[in-house]
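Enquirer: below is the sequence, then the predicted model.
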Protein chains: 2
Amino acid sequence: MLSAIMEDYLKAIYYLQDETDERVRTSTLAEHMDVEQPSVTSMVKKLAERDFIHYKPYKGVVLTDTGIPVVLEIIRHHRLLERYLTERLEYDWAEVHDEADRLEHHISNQFADRIAAQLGNPAVDPHGDPIPTADLDVSPPQSGETLADQQVGDKVRIERVPDNDPDLLRYLSEHGITPKTVVEIVETTSFGMVTLDPDGTDERVALPEEVARSIIAQTLTGASN
Amino acid sequence: MLSAIMEDYLKAIYYLQDETDERVRTSTLAEHMDVEQPSVTSMVKKLAERDFIHYKPYKGVVLTDTGIPVVLEIIRHHRLLERYLTERLEYDWAEVHDEADRLEHHISNQFADRIAAQLGNPAVDPHGDPIPTADLDVSPPQSGETLADQQVGDKVRIERVPDNDPDLLRYLSEHGITPKTVVEIVETTSFGMVTLDPDGTDERVALPEEVARSIIAQTLTGASN
DNA sequence: TTATATATTTAGCCTCGTCTAATTCTCTCC
DNA sequence: GGAGAGAATTAGACGAGGCTAAATATATAA
């Protein structure tokens, strides 16, 4: 068995490796896990010894084929929990993350399967991230256009928002921007600001381009249609 | 904050103290926690230092007024989880214990309150044990008559069954004996055997007197009525 | 190519919760 | 009231996971 902390390291490696497509450096991992570098070194040695990761000293780590399913199981737990908490237990969008981050390590697969069944085996979590199936298949994350790629006048459907910034999530949900909502781009500026109009409201929501680029959206109609 | 293990010690002390009404000896605790005695000594010192228990060397421990609410919170979590798992997630009576024993330490009070609300703030768990309220009131456990106190011919309603023996639970539920079910006492023997007839069935269920004495039941009608 | 800056690892120590072995306390029985 | 038996505690160690300070490897820049 793996400790919750080991699971967290593996999860971090998974996400960081996804971002950079390179070996994950111990310093990156240290920052992400909020520990000092020597702690990382000793932990990656243990994980490497148990064959969850490949560790080349001074060069960083990658998940092995043993490590990947472990992480996918945790991610499945996490995303199902987020879905369950928001959908069945009236959690606020911004509140789910901490609870799910803790519980993901402690629920059994049986528990996960049961809540999945209750929810009708959903494909995505509340942020639009794909939920691995019980046999750990993951649909490739939606890539493609982001809110920053749009033209003024475009109508787009939000597909996926980042899930790691509670403040942003709170802001977005307060302004009615969640996966599945349709918004119109009303303005983009040269100094990096995107302004939106969520469908059916008069409200205008402004976002830094940086943020807009992290929100995946599906174009519905161009201005010219 | 308390570790899950510390919480388990406190919980064990609570139950053991309830049973014997005396100071809980370290040996009892060691057996219950499945560790060696010195481990207990060092743990109770820490718990005493933090004022959750009163520890008198060589004399055992008792919970303090600081420790009691901590335990009640955990018990609330545990019993709500058991109820939720059986009622909403289709867990089997015998399966819930392990899952609840793990999760009780990791769910937030918010989570507990939400599932309590979902369930309509139930007063008892699936075994008939009282669930502490959000402000940690516990209705005194039903005391009174047990299955062993009955006369042949009595009809009784099961109120509460012990929750710590999965095998027994499985046996009872397979034979339709759960809180709220009505049974008739069909036989008691001098060598300590009680035989029951669950209402509406022809089946006969036999239990050792020892076990019958741990099942609380409410008399409905005597044989003579 | 060498020198310096930066990243990483090693060394050694800490706390938590556990263990075994050795010691000390308590209690009972004569 | 003293001698054992039995229970509890102390002593010292270990693995997990963390830290700081020191040493070393890598990368960059002259």
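Expert: Arrived safely, thanks for sending. Numbering: from 1, shown residues only, chains lettered A, B, ... in the order given.
Enquirer: what residue in chain A comes nearest to DNA strand C?
Expert: residue A:27 (2.7 Å; CB to the nearest atom of the strand). C-beta here means a position set from N, CA and C on the backbone, and glycine is covered the same way.
Enquirer: checking that residue next. Helix, strand or coil?
Expert: Recorded secondary structure, residue A:27: helix (DSSP: H, G, I helix; E, B strand; the rest coil).
Enquirer: do residue A:206 as well
Expert: Residue A:206 carries the three-state label strand when classified by three-state DSSP.
Enquirer: if we can go back for a sec, do you know how far the nearest residue to the residue of chain A closest to DNA strand C once chain neighbours are set aside is from residue A:14?
Expert: Nearest residue to residue A:27, sequence neighbours excluded (CB to CB, 6 or more residues apart in numbering or on different chains): residue A:37, at 6.1 Å. Separation of residue A:37 from residue A:14 (CB to CB, to the nearest Å) stands at 20 Å.
Enquirer: around DNA strand C, pick out the residues from chain A.
Expert: A:25-27, A:37-38, A:40-42, A:44-45, A:55, A:57-58, A:60 (CB under 7 Å from any atom of the strand).
Enquirer: now those residues in a markdown table, with distance to residue B:170?
Expert: What follows is the residues of chain A next to DNA strand C, written out as a markdown table (distance: CB to CB, whole Å):
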| residue | distance to residue B:170 |
| --- | --- |
| A:25 | 51 |
| A:26 | 49 |
| A:27 | 52 |
| A:37 | 51 |
| A:38 | 49 |
| A:40 | 46 |
| A:41 | 48 |
| A:42 | 44 |
| A:44 | 44 |
| A:45 | 44 |
| A:55 | 45 |
| A:57 | 52 |
| A:58 | 55 |
| A:60 | 50 |
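Enquirer: center of chain A - which residue?
Expert: The residue lying closest to the centre of chain A (CA atoms, centre = their mean) is residue A:163, at 4.7 Å.
Enquirer: which parts of chain A are helices?
Expert: A:4-20, A:26-33, A:37-49, A:67-88, A:96-103, A:109-118, A:166-174, A:209-212 (DSSP state H).
Enquirer: just the ones you listed: most buried one?
Expert: Of these, the one with the most neighbours on average (mean count of other CB atoms under 10 Å in any protein chain shown) is helix A:67-88, at a mean of 21.
Enquirer: mind listing what the residue lying closest to residue A:79 once chain neighbours are set aside touches?
Expert: Using CB to CB, 6+ apart and skipping residues adjacent in sequence, the residue nearest residue A:79 is residue A:125, 3.7 Å away. The contact partners of residue A:125, by CB atoms under 8 Å, 6 or more residues apart in numbering or on different chains, come to A:78-80, A:82-83, A:131, A:163.
Enquirer: can you pull the contacts of residue A:164?
Expert: Residue A:164 neighbours (CB under 8 Å, 6+ apart): residue A:97.
Enquirer: low-confidence ranges in chain A?
Expert: A:141-143, A:221-225 (pLDDT under 70).
Enquirer: up against DNA strand D, what does it have?
Expert: So chain A meets DNA strand D at A:3, A:5-6, A:33, A:35-36, A:38-39, A:42-43, A:46, A:57-58 (CB under 7 Å from any atom of the strand).
Enquirer: mind running it again at 10 Å?
Expert: A:1-9, A:30, A:33-43, A:46-47, A:49-50, A:56-60 (CB under 10 Å from any atom of the strand).
Enquirer: what's across from the residue nearest to residue A:187 when sequence neighbours are not counted in the sheet?
Expert: Counting by CB to CB, 6+ apart, residue A:195 is the residue found nearest to residue A:187 once chain neighbours are left out, at 4.0 Å. Beta bridges link residue A:195 to residue A:187, residue A:206 when assigned by DSSP bridges.
Enquirer: for residue A:195, what are its contacts?
Expert: A:185-188, A:204-207.
Enquirer: so it versus residue A:163, what's the distance?
Expert: 23 Å.
Enquirer: repeat for residue A:129
Expert: Note on residue A:129: its distance to residue A:163, by CB to CB, is 6 Å.
Enquirer: could you do residue A:81 as well?
Expert: According to CB to CB, residue A:81 stands 12 Å off from residue A:163.
Enquirer: same deal with residue A:113?
Expert: Taken as CB to CB, the span from residue A:113 to residue A:163 is 22 Å.
Enquirer: check residue A:111 too.
Expert: Using CB to CB, one gets 21 Å for the distance from residue A:111 to residue A:163.
Enquirer: check residue A:148 too.
Expert: 18 Å.
Enquirer: tell me how far stretch A:21-40 is from the chain's mean position?
Expert: Stretch A:21-40 sits 19 Å away from the centroid of its parent chain (CA atoms, centre = their mean, to the nearest Å).
Enquirer: now do stretch A:78-91
Expert: 14 Å.
Enquirer: who touches residue A:4 in this structure?
Expert: Going by CB under 8 Å, 6+ apart, residue A:4 touches A:105-106.
Enquirer: so what are the domain limits for chain A?
Expert: As assigned by automatic domain parsing, chain A contains the domains A:4-64, A:147-221.
Enquirer: out of these, nearest to residue B:70?
Expert: Proximity to residue B:70, assessed across those by CB to CB, is greatest for domain A:4-64 (21.4 Å).
Enquirer: so what's residue A:111 closest to, chain neighbours aside?
Expert: Nearest residue to residue A:111, sequence neighbours excluded (CB to CB, 6+ apart): residue B:99, at 6.2 Å.
Enquirer: thought the one you found was touching residue B:91?
Expert: Yes - using CB atoms under 8 Å, residue B:99 makes contact with residue B:91 at a distance of 7.0 Å.
Enquirer: contacting residues around stretch A:12-31?
Expert: The contact list for stretch A:12-31 (CB under 8 Å, 6+ apart) reads A:9, A:32-33, A:36-37, A:39-41, A:44, A:53, A:56, A:59-63, A:67-68, A:71, A:75.
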